[in-house]
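[1] Sequence and predicted structure, then a few things I'm wondering about:
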Amino acid sequence: MSNYYSGRRTRNLFDPNSKTPFKLSRSKIDSFLNCPRCFYLDRRLGIGQPPGFPFTLNSAVDKLLKKEFDLHRHRQSKHPIMEAHNIDAVPFKHEKMKCWQNALQGGMEYLHEPTNLLLTGAVDDVWVGAEGRLFIVDYKSTSKEGEVTLDADWQISYKRQMEIYQWLFRRNGFDVSSIGYFLYCNGITERDSFDAKLEFSIKIIPYEGSDAWVEPVVFQMHKCLTSPTIPDYGEQCDFCAYSKALKEVER
């Protein structure tokens, strides 16, 4: 897939006069929270941020993890990492699981009728406890020295991601625990040689989420999209800072 920036987009734009539900992915909710101006330019005017390069190694880890957990999903057995962390659950078995895991197939969807916004998100995995309560699971992969944590400021986006998934599943009628799990794979570099093999240490980090903020933000996004006015530059947005500096130079 090319990463060439093609300029202004003419498709998938919000039309205030349309009666058709407008689809917004989980990442677009995060985009709005990071910068309403960039969100508006993208979804209302078709001027998106230049695409980044795909994290193909991370994608490979995700794909292999899903295959591995699918074996236990089929058997309805615990994965050894779940045993090691004393998690009393098994991978959730449901006919729509593959769809929920794939954004191209729609992921998990919920139509928010007051705004006519169709919110979507593709979850990495879902586990189910003995009493039928679901646990949302998100895979992460990195390579860093020391223990992986959720303490960095930028990881707020990870926490939002978890909470949006919890909200989507609850809105679809599922009993979802406030506890979710981040399955973190950390590439080990303390080896004498590569030997065409990358090994990982795996850690499960429990996180207690709250989705109370999600619906208010959905209303805020709708208000932003229906406004005829472009929001102000984001004070903490790198793209806005670049755009503003460029305009000043061009003057």
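    Alright, I've got the coordinates.
[2] Report the contact partners of the closest residue to Ser31 other than its chain neighbours.
    Closest residue in space to Ser31, ignoring its immediate chain neighbours: Phe39 at 4.9 Å, by Cβ to Cβ, 6 or more residues apart in numbering. All C-beta atoms are positioned from the backbone trio N, CA, C, and that covers glycine. Phe39 makes contacts with Lys28, Ser31, Phe32, Met221, Cys224, as judged by Cβ atoms under 8 Å, 6 or more residues apart in numbering.
[3] What helix or strand is Phe39 located in?
    helix 36-43 (DSSP states H and E).
[4] now do Leu118
    strand 117-121.
[5] got the contact list for that strand?
    Against strand 117-121 from outside (Cβ under 8 Å, 6+ apart): 21-26, 29, 103, 106-112, 161, 164-165, 168, 218, 221-222.
[6] Could I have the buried ones of those residues as PyMOL selection syntax?
    Entered in PyMOL, the line below selects the buried ones among the contacts of strand 117-121, by 16 or more other Cβ atoms under 10 Å:
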select buried, resi 22+23+24+25+26+29+103+107+108+109+110+112+161+164+165+168+218+221+222
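[7] Among the contacts of strand 117-121, name the ones in strands.
    Judged by DSSP state E, the subset of the contacts of strand 117-121 located in strands is Phe22, Lys23, Leu24, Ser25, Met108, Glu109, Tyr110, Leu111, His112.
[8] Spell out the residue ranges of the helices in this structure.
    In the chain, the helices defined using DSSP state H lie at 26-34, 36-43, 56-75, 80-84, 97-100, 156-171, 214-226, 238-250.
[9] Out of those helices, which gets nearest to Ala130?
    Across those, Ala130 has its closest neighbour in helix 80-84 (12.6 Å, Cβ to Cβ).
[10] can you pull the buried residues of the closest one?
    For helix 80-84, by 16+ other Cβ under 10 Å, it's Ile81, Met82.
[11] Who are the packing partners of it?
    strand 200-208 (3 or more Cβ pairs under 8 Å, 6 or more residues apart in numbering; DSSP states H and E).
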